[in-house]
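Asker: What follows is a predicted protein model with its sequence.
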Amino acid sequence: MIHPSIMKKQRIIISVLLVLIVLTIIVSLGLGYSSVSYNRIIPTIFGEGTFKEEFVLFSIRLPRIVVTILAGMALAISGAVLQGLTRNDLADPGIIGINTGAGLGIAVFFLYFPIDAGSFTYMLPVIAFLGALLTAMLIYLFSYKKGLGLQPVRLILVGIGFSMALSGAMIVIISSAERQKVDFIARWLAGNIWGADWPYIWAILPWLAVLIPFILYKANRLNLLNLNDPVAIGVGLSIEKERLVLLMTAVALAAAAVSVTGGIAFIGLMAPHLAKALIGPRNQLYLPIALLIGGWLLLFADTIGRNILEPEGIPAGIMTALIGAPYFIYLLLRK
């Protein structure tokens, strides 16, 4: 039973975050290489803008904003699940190599398989998931010790090692590729929001619409898995089955996100920590807040990054690294 005052606090935090996201969206709509006056945004949304204003808002800005928010939400929930499963506050899909595995899968698919342009968009999340899943299984295998189970610190170290090894493999693979394809992979590695068009939204939206409610439904199971194994087994939980299902779900969410945004790290690290600091560690309470914080963090990073240096800007992946890397070091020293 959750105390009513805690529920009220959660609703207030969620309301504040929603307002913050809306304000950041408004700022993001007006800023950019082709700026749109703020007093023209509302008329343009309701069909009273010029051709240029409608093109900038509906074909450039809005798709990018929606993709960024959805990807941030997916990465935040994925990071929260990984931290719960491993009982390690440093777990993040970007840090432990899952994002890099997804990227390697996309790179191999993009470079060496014949691609139908019409199906390419919708195949990306699937290919990214397969690459990320294979990576996650290898990391899990190398981190597991017979008789002791999953070793959280070992998982972080193995994951970082896999991330570096897969990044090296990707560089070797693209070294002999065509210039145009190399440019695409380089943009992906930098975390440039490249899938900023409406088809990419429809490509990842079904994944999020199914998997995020599933994670929220499993919140109580995550609470039990956060306890030690004997307690979880004592209440009748099949811990290995639950871990496997939740791991695959976290991997799928991370893969769907990075398939259209590129290599984004640290969102899955920071968002759960900030949410826990605001409302506490109970999954039913902090997961919805982490969801919104993740969406806002990536939107904020992308908005700042693309307006610092015009016209190309700084990739969102670099901006999140500039924010998240010091935070990761702080957590590492504290733990």
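Answerer: Nice, thanks for sending it over.

Asker: How far does stretch 194-213 sit from its chain's centre?
Answerer: Relative to the chain's own centre, stretch 194-213 is displaced by 12 Å; criterion: Cα atoms, centre = their mean, to the nearest Å.

Asker: Dump that stretch to PDB, restricted to CA.
Answerer: In PDB, the C-alpha atoms belonging to stretch 194-213 read as follows (Å, rounded to 0.1, in the frame of the first residue of the first chain):
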ATOM      1  CA  TRP A 194      19.400  11.100 -38.100                       C
ATOM      2  CA  GLY A 195      16.000   9.300 -38.200                       C
ATOM      3  CA  ALA A 196      14.200  12.600 -37.900                       C
ATOM      4  CA  ASP A 197      11.200  11.900 -40.200                       C
ATOM      5  CA  TRP A 198       7.700  10.600 -39.600                       C
ATOM      6  CA  PRO A 199       8.300   7.000 -41.000                       C
ATOM      7  CA  TYR A 200      11.000   6.500 -38.200                       C
ATOM      8  CA  ILE A 201       8.400   7.500 -35.600                       C
ATOM      9  CA  TRP A 202       6.000   4.800 -36.900                       C
ATOM     10  CA  ALA A 203       8.900   2.300 -37.000                       C
ATOM     11  CA  ILE A 204       9.700   2.600 -33.300                       C
ATOM     12  CA  LEU A 205       6.300   3.600 -31.800                       C
ATOM     13  CA  PRO A 206       4.900   0.000 -31.800                       C
ATOM     14  CA  TRP A 207       7.900  -1.200 -29.900                       C
ATOM     15  CA  LEU A 208       7.500   1.400 -27.200                       C
ATOM     16  CA  ALA A 209       3.700   1.100 -27.100                       C
ATOM     17  CA  VAL A 210       4.000  -2.600 -26.200                       C
ATOM     18  CA  LEU A 211       7.200  -2.800 -24.100                       C
ATOM     19  CA  ILE A 212       6.900   0.300 -21.900                       C
ATOM     20  CA  PRO A 213       3.400  -0.700 -20.500                       C
END
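
Asker: which outside residues touch it?
Answerer: The contact list for stretch 194-213, computed with Cβ atoms under 8 Å, 6 or more residues apart in numbering, reads 59-60, 63-64, 66-67, 70-71, 73-74, 77, 121-122, 124-125, 184, 187-188, 249, 252-253, 256-257, 259-262, 291. The way it works is simple: take the backbone N, C-alpha and C, and place the C-beta from them, glycine included.

Asker: per-residue confidence averaged over it?
Answerer: Per-residue pLDDT values over stretch 194-213 give a mean of 88.

Asker: quick one: the helices in the stretch 51-200 of the chain?
Answerer: 51-55, 62-86, 98-112, 117-143, 152-174, 179-190, 198-217 (DSSP state H, counting those that start in this stretch).

Asker: The first one: which residues count as buried?
Answerer: Buried residues in helix 51-55, counting neighbours by 16 or more other Cβ atoms under 10 Å, are found at Glu53.

Asker: which helices and strands sit right next to it?
Answerer: Based on contacts counted as 3 or more Cβ pairs under 8 Å, 6 or more residues apart in numbering; DSSP states H and E, there is no element that helix 51-55 packs against.

Asker: Point out where the stretch 1-150 of the chain drops to low pLDDT.
Answerer: Applying pLDDT under 70 to the stretch 1-150 of the chain flags residues 1, 114-120, 147-150.

Asker: hmm, try it at 90
Answerer: 1-7, 27-61, 83-128, 136-150 (pLDDT under 90).

Asker: do the same with the stretch 151-300 of the chain
Answerer: Judged by pLDDT under 90, the stretches of the stretch 151-300 of the chain that qualify are 151-200, 202-203, 219-248, 258-266, 269, 277, 280-282.

Asker: Report the distance from stretch 269-281 to the chain centre.
Answerer: On Cα atoms, centre = their mean, the centre of stretch 269-281 falls 16 Å from that of its chain.

Asker: Now that stretch: buried residues?
Answerer: 269-276, 278-279.

Asker: re earlier: nearest approach to Val22 belongs to which of the helices of the stretch 51-200 of the chain?
Answerer: Nearest to Val22, of all these, is helix 62-86, at 10.8 Å by Cβ to Cβ.

Asker: any idea how far the closest one is from the chain center?
Answerer: Chain-centre distance of helix 62-86: 3 Å, with Cα atoms, centre = their mean.

Asker: Also compute the angle for it relative to helix 198-217, please.
Answerer: Using axes from the mean of the first three to the mean of the last three Cα atoms, to 10 degrees, the inter-axis angle of helix 62-86 relative to helix 198-217 is 30 degrees.

Asker: when you compare where helix 62-86 runs with where helix 152-174 runs, what's the angle?
Answerer: 140 degrees.

Asker: list the helices and strands helix 62-86 packs on?
Answerer: helix 4-30, helix 198-217, helix 219-226, helix 239-261, helix 267-279, helix 283-308.

Asker: quick check: angle from it to helix 4-30?
Answerer: Going by the same axes, to 10 degrees, helix 62-86 makes 140 degrees with helix 4-30.

Asker: now the angle from helix 62-86 to helix 117-143?
Answerer: 20 degrees.

Asker: Thank you, goodbye.
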